[in-house]
Each structure stands twice: as C-alpha cells, then as structure tokens.
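[1] Quick one, fold the following:
(one chain, ligands or ions: 1)
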Amino acid sequence: MKKELIIKNKKIVYFLKKSKKAKHLRLSVGRRAEVLITIPYRAKEKDGLNFLLEKSDWILEKISDMENNFSGNFLETEENDYLRYKKLALEIVVKKIEYFNLFYNFSFERVSIRNQKSCWGSCSGRKNLNFNFRLIFLSEELCNYVIVHELCHLKELNHSERFWCLVEKSFPDYKNLRKKLRKIR
Ligand SMILES: [Zn+2]
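    Predicted coordinates for the structure are as follows:
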C-alpha cells in the first residue's frame, strides 16, 4: 500500500513490502521517485519505517538527483510536458533526420511527435515517421539510433537482415544500443 511521509519538508511516497526471501531490510528508489522498502517476513512495519528514517538523507539525495537529471531517467511524464516539449522535440528530430538522411537519401511524407507510452518511434507503410517526444531526454547516441532505426524502416519495413545492414552503416554497434534502450523502457 502506498503511504506518505514528510521528511525535511519533502513529501516521500513509499511502499512497504514484506518478503519471505529477504534476509535484510532493503531500500530502493523507483523511477517515479517512489521508495520501496523490502523487509523480511518476520520484521515489523515499524522496523521498515525506522530504516527509512535512518536512510532519509540518502533517499532525499537520490530523489533530488532524479529531479535534476531528467535526461538520465525515463520519468513518467504528464500531458503538460508533452505540450511543452513537443515543438522542441520536432525541431530536434527534423534536424537529425535531415542529417542522417544526407547519407540514406530515403523519401518520406510526414514527421510527427507523439506522446506514446511504450514506443520511441514508428514508421508507417505510408512513409510517415512518428517519434516519442521523450526522445529528446535520451542520450544523444540513443536518440540518434532511434532516428536512424525508423529512417531505415522507410526502405525496409521489417527487422530483416537487410534492415539491420542499413542501420549498421550508421551504428556498427547497434546491438549494444538496442540493449541499452530496452533497459530504459
Ligand atoms: Zn523497428
């Protein structure tokens, strides 16, 4: 169950979980800045809470890191952020497409920015490219990779060997980048 606590004027949202496997108390801060406390099955809720208070400096630091370092964390973003960053995202994406397409020279119809929850980009059969506005918060390298990935779908609308050969021309280490991207998701 979700609970709240105020520490040093800061609201902390936390969950307490009892685990049969846990031998010790454990703390982690999730990507929405929520704290998860795992306690051994026989421990008391109060023990978990004391542990949280003990580690409160660490938790506050971690949360403020997350708030400051937006690019490192794929934070759940609200509709407001979408409206706020949509235009900027389009500008950045269009520039990157122009840059990489100097090499590929594929033709396409429209580029749009969307507020998608589960995908970074897509390419339609009608040669329209769509990108997630959160792309601009990824590292430069991953952002470029997503652009090139969708760009190559203009030629190969599949994940065949031919498709990956095209991607590889810009990103020889695309396999690693795919892995990195999956971890963020
Ligand atoms: Zn794809």
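[2] Just confirm Ser170 contacts Tyr99, I think it does.
    No: with contact defined as Cβ atoms under 8 Å, Ser170 does not reach Tyr99; the gap is 10.2 Å. Yep, even glycine has a C-beta here, placed from its N, CA and C like the rest.
[3] Could you check which of these two is surrounded by more residues?
    Ser170 (17 against 11; other Cβ atoms under 10 Å).
[4] I'd like to check which residues are in contact with the more buried one.
    If a contact means Cβ atoms under 8 Å, 6 or more residues apart in numbering, then Ser170 has 100, 103, 144, 148 as its contacts.
[5] how near is it to His153?
    13 Å (Cβ to Cβ, to the nearest Å).
[6] Which pLDDT value belongs to the nearest residue to Phe108 once chain neighbours are set aside?
    The shortest distance from Phe108 to any residue other than its chain neighbours is 4.6 Å, reached at Lys127 (Cβ to Cβ, 6 or more residues apart in numbering). According to the model's per-residue confidence, Lys127 sits at a pLDDT of 97.
[7] what's Lys127 sitting at in phi/psi?
    Reported as degrees, to the nearest 10, the phi and psi values for Lys127 are phi 70, psi 40.
[8] Compare the contacts of Ser170 and tell me which is most surrounded.
    In those, the most neighbours by other Cβ under 10 Å go to Val148, 24 neighbours.
[9] tell me the average confidence for the strand or helix carrying that one?
    Element membership for Val148, per DSSP states H and E: helix 140-153. The predicted model assigns helix 140-153 a mean pLDDT of 97.
[10] what's the answer for stretch 90-103, then?
    For stretch 90-103, the per-residue pLDDT averages 97.
[11] Can you list the buried residues in the lengthiest strand in the chain?
    Of all the segments assigned as strand in the chain under DSSP state E, the longest by residue count is strand 10-19. Along strand 10-19, these residues count as buried under the neighbour rule (16 or more other Cβ atoms under 10 Å): 12, 14, 16.
[12] I appreciate the help and will end here.
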